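Asks: give me a 3D structure for the following:
(chains A and B)
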Protein chains: 2
Amino acid sequence: MNLPLGYAYSAVYAGIRQAERDDLALIVTGLDASAAAVFTRNRVQAAPVGLCRRHLALSKGRVGAILMNAGNANCATRTGDAVALDTARATAKILKLPVAQVLTASTGVIGVEMDGAKIMAALPRLVEGLSPARFEDAARAIMTTDLVSKTAFAEAHLRRGSVRVAGMTKGSGMIQPNMATTLGFVMTDAELPAAALRVILKRAVEASYHRLSVDGDTSTNDTLVLLANGASGVRPEAKELARVEEKITGVMEHLAQAIARDGEGAKKFVTIEVSGAPSDDAAARLARAIANSPLVKTAIAGSDPNWGRVLSAAGNAGVVFDPGKTDIWMQGVAVCRGGLAAPFSEAELKQKLDAPECHIRFSLRGKAKGEARFWTCDLTHGYIHINASYRT
Amino acid sequence: MNLPLGYAYSAVYAGIRQAERDDLALIVTGLDASAAAVFTRNRVQAAPVGLCRRHLALSKGRVGAILMNAGNANCATRTGDAVALDTARATAKILKLPVAQVLTASTGVIGVEMDGAKIMAALPRLVEGLSPARFEDAARAIMTTDLVSKTAFAEAHLRRGSVRVAGMTKGSGMIQPNMATTLGFVMTDAELPAAALRVILKRAVEASYHRLSVDGDTSTNDTLVLLANGASGVRPEAKELARVEEKITGVMEHLAQAIARDGEGAKKFVTIEVSGAPSDDAAARLARAIANSPLVKTAIAGSDPNWGRVLSAAGNAGVVFDPGKTDIWMQGVAVCRGGLAAPFSEAELKQKLDAPECHIRFSLRGKAKGEARFWTCDLTHGYIHINASYRT
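Replies: From the prediction side, this is the model:
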């Protein structure tokens, strides 16, 4: 895969987390980039989230570098704001950037003071290691309970040349629509003004991270940044913008799906499709209710074609619908027709539900066209195991 | 404990569930009772819920008998309405009651046709077995994944004599505020008009079942009925009404707590207290967000004093508050002061959190007085085990 031009990446172990694997990473763009970002809607927000908002406002959406760490969320910390600002300043100084063009992002435990000195000490090594080829290293450094690093790539061939998109993300728990995973960074070398970027990001997030649910929790640190540095020298023509947006959206969909696939303890990736709802928004609410139901998620874990739980979960979505006009399919098998049990072979369907990819389709009869797709995972013993012992 | 006068109970095995234990129960009141009821707010509602609503409207809130079964929810069933009505009719006929004075309630699997013939065949035995002493038998017959039967009792000594209250409930999963558990029946022998009963029930539910969360799911069958048959011959005086309400509320609080204690897979009973919120409603939303967070619930399961998760969960409640003015206690130990880590012995607190009763206090500094108390349980491997295999 061709990476976007003009970006460099690095990662080192700074000692922020106990396990000796890289926990500090850097993304740098040679030409300063247009940037758009979305953040957690949690009332409690980590220090770096505040810093990002302030810097993006000050720089009018221009970004030169993003400093990221795992192992400490820098949230609910006495020294949080100072540590975030000091490390941004130090990064700006080494890279000769205006401070406002440096963003920071953190993920990890809440409520533990972050030792800025460790980051300061590691910064020279971090900058020294910068290379366009170290994209995967950076993606790995921001992992916490993630089992795999999560990256996605795309390329669009436009009239004046090609532009590339690459994204990295982390997250496997605390995932919920209305700002999904903890951290995500999407880079393109297309030339796009910040205003266009904001519109693209808003729509792309709606179609990707907001369609994702692992456990219904939303973190204090969720940050998603989209950068466009123009290093390709290609400014998409007006009619080509949709294709660039499609590529960016595709990368973000892939990243969001990767999070659900890597959901804490997840053995199965579950896609929920809703159609025939009064509106797309209503469809999304129905899909989310099904995706968030622990009873549905445990049924999937147990390969149990328990469509009654799907119907009941949808009934809690706050959407008006006629249960008697509801059809449900699992793995393509009709299990509920008009709100009633459809005949199917329980044994055969159980076997189909043993697959690593499960599919639930929830459809309302009638003329309405609202539809939505949602991704989640099953709820297994692994989730409990990870979360009963993560911190200590 | 003295049971309310004038009620009789019975339970038999009718073959609705596979396991050979009682699955059909009956509550009968000699004098027809005033009744008030609340039902699930799920958009998908079981046939008996519709029947109860219709009969209570027709009878103007008078009830003579309640027929209850476990093993089949009679929801999303082709013949559901007919089965509910036929069995109510047959019960009315044997007991010589107007049909509209018979309620039915079901709990169990959704989407499987209920065999009314089994209930019809068992009805004579059921009626024959009626006895004022068989209260516990009825409570046991409505259990599904419940590990223990759940009952509560109270007595109020009024000027003209004593009145008694007794309640039974079932439920351990699919428990969520805004209609909590599946089935609950509270009987008193006080003489109370239906209008007063409705007011009492509404307030008592708010203080009990609506303060309870096990897994955030709300069932299709939730039904809570309050009966007052006047068999004590005591009509509370106006100024005594509050004491009767207090007893009824106390019984319902006890029942709701019993559900959380018996939460599917639960090892720990968790009380969450919120104070200093802008309003009682805001406090309830904060408490509910904390109670519903799988990350908080798994931390409790792991005896992990992870107060950051509590703060983060509260941040998702949709309530405006200043994290910097937040104090959190776990087991009475201050773990967070002004949104920051408070010094505490991790080892000691971990040990305290091994207790079967856990307590989280979340308090906002300032002049606001909104408060709420919520009950939930920890999230353990047991929940997964039960729900990945319940149906099959």
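
Asks: quick one: the longest helix belonging to chain A to chain centroid distance?
Replies: The longest helix of chain A (DSSP state H) is helix A:241-261. Centroid displacement of helix A:241-261 relative to its chain, using CA atoms, centre = their mean, to the nearest Å, is 10 Å.

Asks: other SSEs contacting it?
Replies: Contacts defined by 3 or more CB pairs under 8 Å, 6 or more residues apart in numbering or on different chains; DSSP states H and E place helix A:241-261 against strand A:150-158, strand A:161-170, strand A:183-188, helix A:194-207, strand A:269-277, strand A:370-377. In short, each C-beta sits where N, CA and C put it, glycine included.

Asks: residues contacting the residue in the stretch 1-150 of chain A that chain B sits nearest to?
Replies: With CB to the nearest CB as the measure, residue A:110 is the residue of the stretch 1-150 of chain A nearest to chain B, at 2.7 Å. The neighbourhood of residue A:110, defined by CB atoms under 8 Å, 6 or more residues apart in numbering or on different chains, consists of A:46, A:73, A:75-76, A:220, B:308-309, B:311-312.

Asks: cool, and residue A:261?
Replies: Contacts for residue A:261 were tallied using CB under 8 Å, 6+ apart; they are A:269, A:377.

Asks: what about the closest residue to chain B within the stretch 201-350 of chain A, neighbour count?
Replies: Per CB to the nearest CB, the residue of the stretch 201-350 of chain A with the smallest distance to chain B is residue A:308, at 2.6 Å. Applying other CB atoms under 10 Å in any protein chain shown, we find 26 residues neighbouring residue A:308.

Asks: just residue A:147 next, same as before
Replies: Neighbour tally, residue A:147, other CB under 10 Å: 14.

Asks: grab the nearest non-local neighbour of it.
Replies: Distances taken as CB to CB, 6 or more residues apart in numbering or on different chains place residue A:262 nearest to residue A:147, at 5.5 Å, with adjacent residues excluded.

Asks: mind pulling the model confidence for the residue nearest to residue A:142 when sequence neighbours are not counted?
Replies: Of all residues not flanking residue A:142 in the chain, residue A:170 sits nearest, at 4.4 Å (CB to CB, 6+ apart). Confidence at residue A:170, expressed as pLDDT, is 92.

Asks: can you name the residues that contact residue A:170?
Replies: So residue A:170 contacts A:70, A:107, A:139, A:142-144, A:146, A:149-150, A:181-184 (CB under 8 Å, 6+ apart).

Asks: tell me which of these has the lowest pLDDT.
Replies: Per-residue pLDDT puts residue A:181 lowest of those, at 47.

Asks: and the strands in chain A?
Replies: Taking DSSP state E, the strands of chain A run over residues A:7-12, A:24-39, A:62-72, A:102-109, A:150-158, A:161-170, A:183-188, A:223-228, A:269-277, A:326-330, A:333-337, A:340-341, A:357-364, A:370-377.

Asks: name the residues of the second one that are buried.
Replies: Spelled out, that is strand A:24-39. Judged by neighbour count (16 or more other CB atoms under 10 Å in any protein chain shown), strand A:24-39 contains these buried residues: A:24-29, A:32-39.

Asks: could I get these as JSON lines with distance to residue A:130 and pLDDT?
Replies: Output for these, formatted as JSON lines (distance: CB to CB, whole Å; pLDDT from 0 to 100):
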{"residue": "A:24", "distance to residue A:130": "13", "pLDDT": "98"}
{"residue": "A:25", "distance to residue A:130": "11", "pLDDT": "98"}
{"residue": "A:26", "distance to residue A:130": "7", "pLDDT": "98"}
{"residue": "A:27", "distance to residue A:130": "9", "pLDDT": "98"}
{"residue": "A:28", "distance to residue A:130": "6", "pLDDT": "98"}
{"residue": "A:29", "distance to residue A:130": "11", "pLDDT": "97"}
{"residue": "A:32", "distance to residue A:130": "16", "pLDDT": "89"}
{"residue": "A:33", "distance to residue A:130": "15", "pLDDT": "97"}
{"residue": "A:34", "distance to residue A:130": "21", "pLDDT": "97"}
{"residue": "A:35", "distance to residue A:130": "19", "pLDDT": "97"}
{"residue": "A:36", "distance to residue A:130": "24", "pLDDT": "97"}
{"residue": "A:37", "distance to residue A:130": "22", "pLDDT": "96"}
{"residue": "A:38", "distance to residue A:130": "26", "pLDDT": "93"}
{"residue": "A:39", "distance to residue A:130": "26", "pLDDT": "92"}
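
Asks: which of those residues sit farthest apart?
Replies: A:24 and A:34 (25.4 Å; CB to CB).

Asks: below-threshold pLDDT in the stretch 151-300 of chain A: ranges please.
Replies: Residues of the stretch 151-300 of chain A that meet the criterion pLDDT under 70 lie in A:172-181, A:214-218, A:264.

Asks: ok, residue A:28 to residue A:132 distance?
Replies: 10 Å (CB to CB, to the nearest Å).

Asks: joint contacts of these two?
Replies: With contacts defined as CB under 8 Å, 6+ apart, the residues shared by residue A:28 and residue A:132 are A:7-9.

Asks: rebuild the contacts of residue A:110 as CSV, extending it with distance to residue B:154.
Replies: Compiled in CSV, the contacts of residue A:110 are given as follows (distance: CB to CB, whole Å):
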residue, distance to residue B:154
A:46, 48
A:73, 47
A:75, 46
A:76, 43
A:220, 44
B:308, 40
B:309, 37
B:311, 38
B:312, 39
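
Asks: for these, which one is nearest residue A:94?
Replies: Nearest to residue A:94 among the contacts of residue A:110 is residue A:46, at 23.4 Å by CB to CB.

Asks: so who does residue A:62 touch?
Replies: Applying CB under 8 Å, 6+ apart, the residues contacting residue A:62 are A:32-35, A:100-101, A:194.

Asks: my guess is residue A:115 meets residue A:16, correct?
Replies: Yes - taking contacts as CB atoms under 8 Å, residue A:115 lies within contact range of residue A:16: 7.2 Å.
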